[in-house]
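Participant: below is the structure, and that's it, no one-letter string:
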């Protein structure tokens, strides 16, 4: 294993992080949704909303490079149209994630003002998608995608890689590519439990299948970014460094998956308004940047930083290496499989969503055997 690692030290140390033009700010206007998907992490205990005034103050508290709207289905918010109009007036790039509803309620003029739109699809066929989310959801998403393409709005598909679909995303990438779309996907995180968490083998089988059958636009999932030696556009995770999340319950966190903190450790909008960028010195943000002791001497530490901090925090093991790390597991066979992988880079695109989370963006192609 030592020989494999030594052969990659030079590449790992040559990766640098580009300075941000402003913070990538995730805003959840509401936790309302017209669907109730089994894997959703949003809080459903009570209805929470941020107001237009909250959004104004958020954008005044820190330099904003882009705003990503997610969490619930934002089109259900009573001030949805006013908030989008205000963000457009401020010339802030807005990326919107939707199951289709929040696009349906926009006029063509409103939709055309968005920087980019993502539609949530987790399976490559209509039957699978509708069984997973709701009858008619597949068609609703593709109708919205076609409308965005007709209007010239940048559009992509967003998926969550889980134990139920890790072996289906390479096919989903091929389906989206045939429509001229990129596929972005996040790794399922155990925010509400382990029901859809992937095993170590499923994690790598799924990711390597997608990478083998696609061209890579960007990867900000730090462990994967480091081990396959992909250094564009940034090294490591943006969480706790160049991005922050504001949630419908007024909580502020370094990552949308970061576990809730109460008491003196709770970060809310009032703290953000008072502290501005200095909020990145608060405990949650410093923990998101924390590198486990066992990772300090690793050749990949500059890129990887111990892997996904939210995943480690959710597990209650912030000071341990990412559970999917083959180096920590001393799995030489898996490490060789990963580092010897042949992959291709696609043309780089400036994607707000890629700058505010640990994520993957790929352009699919015809599947081949891994």
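Facilitator: Yes, it's here. The structure presented is a predicted model; accordingly, all values stated were derived computationally and were not measured. Residues are numbered from 1 along each chain as shown.
Participant: centre of the chain to stretch 68-84, how far?
Facilitator: Distance, stretch centre to chain centre, for stretch 68-84: 18 Å (Cα atoms, centre = their mean, to the nearest Å).
Participant: report the buried residues of it.
Facilitator: Using 16 or more other Cβ atoms under 10 Å as the test for burial, stretch 68-84 gives 68-77, 79-80, 83-84. (Glycine included, C-beta is placed from N, CA and C.)
Participant: do stretch 291-302 as well
Facilitator: So, applying 16+ other Cβ under 10 Å, buried residues of stretch 291-302: 291-292, 295, 298-302.
Participant: just those: which are in helices?
Facilitator: 301-302 (DSSP state H).
Participant: and the two most separated of the buried residues of stretch 291-302?
Facilitator: 292 and 299 (14.9 Å; Cβ to Cβ).
Participant: so who does residue 203 touch?
Facilitator: 166, 187, 324 (Cβ atoms under 8 Å, 6 or more residues apart in numbering).
Participant: which among those gets closest to residue 193?
Facilitator: For the contacts of residue 203, the nearest to residue 193 is residue 187 (15.2 Å; Cβ to Cβ).
Participant: and that closest one, what pLDDT?
Facilitator: Per-residue confidence (pLDDT) for residue 187: 96.
Participant: wait, it touches residue 220, no?
Facilitator: No: assessed by Cβ atoms under 8 Å, residue 187 is found out of contact with residue 220, at 11.3 Å.
Participant: helices - which of the buried residues of stretch 68-84 land there?
Facilitator: 80, 83-84.
Participant: if I look at residue 186, how far off is residue 79?
Facilitator: 27 Å (Cβ to Cβ, to the nearest Å).
Participant: wait, I meant residue 23
Facilitator: Taken as Cβ to Cβ, the span from residue 23 to residue 79 is 22 Å.
Participant: same question for residue 127.
Facilitator: The gap separating residue 127 from residue 79 is 37 Å, by Cβ to Cβ.
Participant: just residue 177 next, same as before
Facilitator: 37 Å.
Participant: over to residue 247?
Facilitator: Distance, residue 247 to residue 79, by Cβ to Cβ: 17 Å.
Participant: again, but for residue 328
Facilitator: Taking Cβ to Cβ, one finds residue 328 at 46 Å from residue 79.
Participant: show me the buried residues of stretch 68-84 that map onto strands.
Facilitator: 68-69 (DSSP state E).
Participant: got the contact list for residue 125?
Facilitator: residue 138 are the contacts of residue 125 under Cβ under 8 Å, 6+ apart.
Participant: mind checking the longest strand of this protein?
Facilitator: From DSSP E, the single longest strand across the chain is strand 154-161.
Participant: who's in contact with the residue nearest to residue 260 when sequence neighbours are not counted?
Facilitator: Excluding its sequence neighbours, the residue lying closest to residue 260 (Cβ to Cβ, 6 or more residues apart in numbering) is residue 251, at 6.8 Å. Residue 251 makes contacts with 260, 266-268, as judged by Cβ under 8 Å, 6+ apart.
Participant: just among those, which is most surrounded?
Facilitator: residue 267 (23 neighbours; other Cβ atoms under 10 Å).
Participant: would you confirm that that one contacts residue 260?
Facilitator: No: with contact defined as Cβ under 8 Å, residue 267 does not reach residue 260; the gap is 10.3 Å.
Participant: neighbouring contacts of stretch 64-72?
Facilitator: In contact with stretch 64-72 (Cβ under 8 Å, 6+ apart) are residues 20-33, 42, 58-59, 87, 92-97, 115, 247-248, 256, 352-353, 355-356.
Participant: filter these to the buried ones?
Facilitator: 20, 23-33, 42, 58-59, 87, 92-97, 115, 247-248, 256, 352-353, 355-356.
Participant: pull the number of nearby residues for residue 305.
Facilitator: For residue 305, using other Cβ under 10 Å, the count is 26.
Participant: and it, how far is that from residue 185?
Facilitator: The value you get for residue 305 to residue 185, if Cβ to Cβ is used, is 21 Å.
Participant: circling back to that earlier point, closest one of the ones in helices among the buried residues of stretch 68-84 to residue 276?
Facilitator: residue 83 (21.1 Å).
Participant: now do the contacts for that closest one.
Facilitator: Residue 83 makes contact with 29, 52, 55, 77, according to Cβ under 8 Å, 6+ apart.
Participant: report the secondary structure state of residue 21.
Facilitator: Three-state assignment for residue 21 (DSSP: H, G, I helix; E, B strand; the rest coil): coil.
Participant: typed the wrong thing, it's residue 66
Facilitator: Applying three-state DSSP: residue 66 is strand.
Participant: that one pairs with what?
Facilitator: residue 24, residue 93 (DSSP bridges).
Participant: any idea how far it is from residue 246?
Facilitator: From residue 66 to residue 246 the distance is 14 Å (Cβ to Cβ).
Participant: hey, what's in contact with both of the two?
Facilitator: With Cβ under 8 Å, 6+ apart, residue 66 and residue 246 have common neighbours residue 25.
Participant: per-residue pLDDT, residue 346?
Facilitator: According to the model, residue 346 carries a pLDDT of 89.
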